[in-house]
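1. Got a predicted structure here, sequence first:
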Amino acid sequence: MDKEKPGLFGIKYSNRDFGQTETWGKNQFNSSFPASLSNFLASKGLSNIYMFLDADLKVQHGKISTEKLLGINPMSDNLFYSFETQFTPYQQLVIGSLPRVDLVSQMRDSGQSLTPIEIKLTALPDNSTCLLSEEYYGCEIVIRPDTIVYLACSIVENFKNNHVELSFLFDKKFDNILDWTNGVQIWSYIPSMILTLDSIVLSILDKQKPLVMQPIWKTNGKSPKLTDNCLDVFVWSNFAFCQLFVDVARGELSSGATKITRQVRTIIWLFKMLFDFAKNGQINHSKIIDELSFNTKNDKAFAVSGRITHRYMSCPELITPRITREDIKNIILGGGQNLLSPERRFDAIIFNSPELFN
């Protein structure tokens, strides 16, 4: 009998060779394992938790199948997982090179790109919630600038054949901004920017689609021990995800903030991308992100703590995730756990828990 090769459940064809140690490094594992976890949910007849926006700009919960998430049956032999690659259908929406996204599902036979997914594997609880009671546990999420580019593209693709239609949603007063790099000049426009983003989203509310996959792994408080029910997958629609940082910025503004925080800056970035597309039919994302830094590093767009994400993610599955410790040996296959490089907490837990695979 042939020895089973290292691999991950359901990922048959991809641009990663799971027989190679480097494929199990911290950055690659953090996107490939979640894709496999979503497949495993599907194999058990379960869907991912889906966070979407309603007409009152409130984030609601539903379910989204892995098939709908990927755009193809996850068990199909025609599915190719292209990790850390460009979603080429968005290329014509931007000036310059399109950033890479964590996962693009593709058709093997035609090479057609189906869906782009940004993946954030997050620990439950985080440092801000680990001392709270279990029902208040939350996950920190850290977002990179490239995700905002994909958010903008997912919005403007709805106007790609008529970007003038998008321009009607912008007040003429934004034409008066002469220096977008001047934080003092920009500041008074931010409340209007938020209202405009809201109106754009509401105008195409029925077009929202999944953008960010956020799998969770749960431990016993601050300990490095996984709980018995420890894994699940949450998915943010593009509009629900937008509301996450817009809501935080709203709170900052209403509390009298006078500084451009990362969340406020992200609003400016997104607004400028949509504004430029309305004017020119393309987005110069690199120029926007580089020039509109407002004296804050561009290494990340923003981060929010578990105390904030909890209000959006709170549900029975956050308290009791549906996938167990015992299931991990059915997701990581062929001794793949022995190739892990335990630089990160989740890697380290599996690496140092050989009993999971007995």
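-> Received, thanks. Nothing here was measured: the structure is a model prediction, and the numbers come from that model. Numbers count the residues shown, from 1 in each chain.
2. going forward, measure contacts between C-alpha atoms and count neighbours the same way
-> Will do.
3. Quick one: the strands in this structure, in order.
-> 7-8, 48-53, 59-64, 79-85, 101-107, 113-119, 122-124, 141-143, 210-219, 226-237, 302-304, 323-324, 332-333 (DSSP state E).
4. so what's the residue nearest the centre of the chain bridging to?
-> By C-alpha atoms, centre = their mean, the chain has its centre lying nearest to Val212, at 2.4 Å. Counting by DSSP bridges, Val212 forms beta bridges with Glu118, Trp236.
5. Contacts only, for it.
-> When contacts are counted by C-alpha atoms under 8 Å, 6 or more residues apart in numbering, Val212 touches 117-120, 235-238, 241.
6. Got a PyMOL select line for the buried ones in those?
-> To isolate the buried members of the contacts of Val212 in PyMOL, using 16 or more other C-alpha atoms under 10 Å:
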select buried, resi 117+118+119+120+235+236+237+238+241
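7. would you turn the contacts of Val212 into a markdown table with distance to Ser43?
-> A markdown table is the format used below for these (distance: C-alpha to C-alpha, whole Å):
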| residue | distance to Ser43 |
| --- | --- |
| Ile117 | 20 |
| Glu118 | 22 |
| Ile119 | 20 |
| Lys120 | 22 |
| Val235 | 18 |
| Trp236 | 21 |
| Ser237 | 23 |
| Asn238 | 26 |
| Phe241 | 27 |
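8. Let's have the strands of the chain in TSV, adding distance to Ile204 and mean pLDDT.
-> Putting the strands of the chain into TSV (distance: least, C-alpha to C-alpha, whole Å; pLDDT from 0 to 100) gives the following:
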stretch	distance to Ile204	mean pLDDT
strand 7-8	37	96
strand 48-53	11	98
strand 59-64	16	97
strand 79-85	27	98
strand 101-107	23	98
strand 113-119	18	98
strand 122-124	30	95
strand 141-143	24	96
strand 210-219	14	97
strand 226-237	13	97
strand 302-304	25	93
strand 323-324	35	98
strand 332-333	39	96
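9. what about the helices in the stretch 151-300 of the chain?
-> Here the stretch 151-300 of the chain has its helices, by DSSP state H, counting those that start in this stretch, at 163-167, 183-187, 190-203, 238-254, 262-280, 285-291.
10. and the strands of the chain as a markdown table, adding distance to Ser255?
-> Formatted as a markdown table, these follow (distance: least, C-alpha to C-alpha, whole Å):
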| stretch | distance to Ser255 |
| --- | --- |
| strand 7-8 | 47 |
| strand 48-53 | 24 |
| strand 59-64 | 22 |
| strand 79-85 | 39 |
| strand 101-107 | 35 |
| strand 113-119 | 31 |
| strand 122-124 | 28 |
| strand 141-143 | 23 |
| strand 210-219 | 29 |
| strand 226-237 | 27 |
| strand 302-304 | 17 |
| strand 323-324 | 40 |
| strand 332-333 | 47 |
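11. Figure out which of those is closest to Arg262.
-> Smallest distance to Arg262 across the strands of the chain (C-alpha to C-alpha): 5.2 Å, for strand 302-304.
12. Tell me what Leu53 is bridged to.
-> Val59.
13. and it, what does it touch?
-> Leu53 makes contacts with 59-60, 205, 237, 239-240, 243, as judged by C-alpha under 8 Å, 6+ apart.
14. if you set the cut-off to 7 Å instead, what comes out?
-> Contacts for Leu53 (C-alpha atoms under 7 Å, 6 or more residues apart in numbering) come out as 59-60, 239-240.
15. Check Trp180 too.
-> So Trp180 contacts Ile186 (C-alpha under 7 Å, 6+ apart).
16. Mind listing what's buried along stretch 26-39?
-> 26, 29-39.
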